[in-house]
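> Below are the sequence and a predicted model; questions follow.
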Protein chains: 2
Amino acid sequence: MDSLKQCITKETQIDTSSIEVILSSFYTRDLKKGDFFLRAGKLCTQMAFIDTGYLRMFDIVDGKEVTFWIGSSGKFITSLSSFVFQTTNFWNIQAITDCKLHIIDRESHFTLCKQQPKWLEFDNHLLAHSFALLEQKILSQLHTSSQQRFDALFKADPQLFNHVPLQYIASMLGITPETLSRLRKKNAN
Amino acid sequence: MDSLKQCITKETQIDTSSIEVILSSFYTRDLKKGDFFLRAGKLCTQMAFIDTGYLRMFDIVDGKEVTFWIGSSGKFITSLSSFVFQTTNFWNIQAITDCKLHIIDRESHFTLCKQQPKWLEFDNHLLAHSFALLEQKILSQLHTSSQQRFDALFKADPQLFNHVPLQYIASMLGITPETLSRLRKKNAN
DNA sequence: AGAACCACTTGACATAAATCAAGAAAATGT
DNA sequence: ACATTTTCTTGATTTATGTCAAGTGGTTCT
């Protein structure tokens, strides 16, 4: 759980005993490529920290899969509104590669929130950050070209393109696989 | 505050004294067309229920205004992550028409959350709903055409087009004013 | 009321991106 | 290791949308 520990301690000053309590609320689970972490229509009762691997969050619209987000190591992944508010979740979350996850259950999470102020603080940070990310994503969809979105993503996480089927990346950028292929070619020259 | 009362009671069963306490935490404020409810760079310490009028939430990118959302009567408007987590807000919120708002301050809000379980419940609903809205908006930007987004908006709120400058609506849909003009023409025939 | 401004529309044209179709490359299963 | 399937690339073409420019109608201000 070293990576998770780092992720938390990077964000907030925290004493050894507290971090240990927090870490002990997580358990580790391995997913094989293709396994589902969550399916549409279910309640989401778990939040996962991605130790290694990639997962994608997608919806099926008019029979087509639309990838909303791809999570990679060092990030948390969950269907946030369902996890927090127990509304019906409509996302699918699936492992794109073999994954190692550190998972916390909903009840453990809320217990921790009450008992460990530092976890509450960290969780608040996570929530605010997630919300800001969504807003940023919308903003970029509203006024940037495919080219610009590709460039930004490539700069932010070049490794992604080596580990994840490009069709998912294309979908996440709101473009077709063909267009992504051409942008990549341009980028290489 | 009748409209606000209705908005809350529509969502949850609540006794008379509780709703009165909640309503008394709000105060009313009028905005003139063009007035700002919030400016980028500030902390957001207020959440507003729109009794009458329209407001827009926008950011300035590369010198251009990008409208993120337009709020109309019966909705709440605030820079949510800033209001909840006191992170720096980067949205501008401006009255598009004269507006009547019912406002609650951040401290009052958190006091209410502790003292009135029904308000906490209602707030949870608001948060979950907001989050789901953002997700939906991203999804629609990722896989629908201008035409489809226009149709959906026109169906959801035809009145909007009579009260709000079309350039803001265009921006919110991620298209140019010219394209919106042509879609409207098509729609009329 | 008139001047100035602003918002919207329209047309001509340019461009980005989607679609369709074929083939190459890579990954997977046996 | 081979056959099969999936994923990616490439080219030709079409389509949707953006850009530029001009003109119209409406609103606001003094």
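Happy to help now that I have it. Note that the structure is a prediction, hence the values are computed from the model and not measured.
> Who are the contact partners of residue A:14?
A:8, A:118 (C-beta atoms under 8 Å, 6 or more residues apart in numbering or on different chains). All C-beta spots, glycine's among them, are computed from the backbone N, C-alpha and C.
> What are the buried residues along stretch A:138-154?
A:138-142, A:144, A:146, A:149-150, A:153 (16 or more other C-beta atoms under 10 Å in any protein chain shown).
> Please apply the same query to stretch A:151-166.
Within stretch A:151-166, the residues that qualify as buried by neighbour count (16+ other C-beta under 10 Å) are A:153, A:160, A:164.
> which residues sit against that stretch?
In contact with stretch A:151-166 (C-beta under 8 Å, 6+ apart) are residues A:54, A:56, A:70, A:72, A:96-97, A:140, A:144, A:169, A:173, A:177, A:180-181, A:184, A:187.
> what's the closest of the buried residues of stretch A:151-166 to chain B?
Of all the buried residues of stretch A:151-166, residue A:153 has the smallest distance to chain B: 13.7 Å, by C-beta to the nearest C-beta.
> From residue A:159, how far out is that closest one?
Distance of residue A:153 to residue A:159, computed by C-beta to C-beta, to the nearest Å: 11 Å.
> Scan chain A for its longest helix.
In chain A, assigned by DSSP state H, the helix with the most residues is helix A:117-143.
> check whether it contacts chain B.
Yes. Applying C-beta under 8 Å from any C-beta of the partner chain, one finds helix A:117-143 in contact with chain B at A:124-125, A:127-128, A:131-132, A:134-135, A:137-139, A:141-143.
> got a markdown table for the buried residues of stretch A:151-166, with secondary structure and distance to DNA strand C too?
Converted to a markdown table, these look like this (DSSP: H, G, I helix; E, B strand; the rest coil; distance: C-beta to the nearest atom of the strand, whole Å):
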| residue | secondary structure | distance to DNA strand C |
| --- | --- | --- |
| A:153 | helix | 14 |
| A:160 | helix | 14 |
| A:164 | coil | 11 |
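> Any chance of these in CSV with distance to residue B:37 and pLDDT as columns?
What follows is these, written out as CSV (distance: C-beta to C-beta, whole Å; pLDDT from 0 to 100):
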residue, distance to residue B:37, pLDDT
A:153, 33, 96
A:160, 38, 95
A:164, 41, 95
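> and of the residues you listed, the nearest to residue B:92?
Nearest to residue B:92 among the buried residues of stretch A:151-166 is residue A:153, at 26.8 Å by C-beta to C-beta.
> No further questions, thank you.
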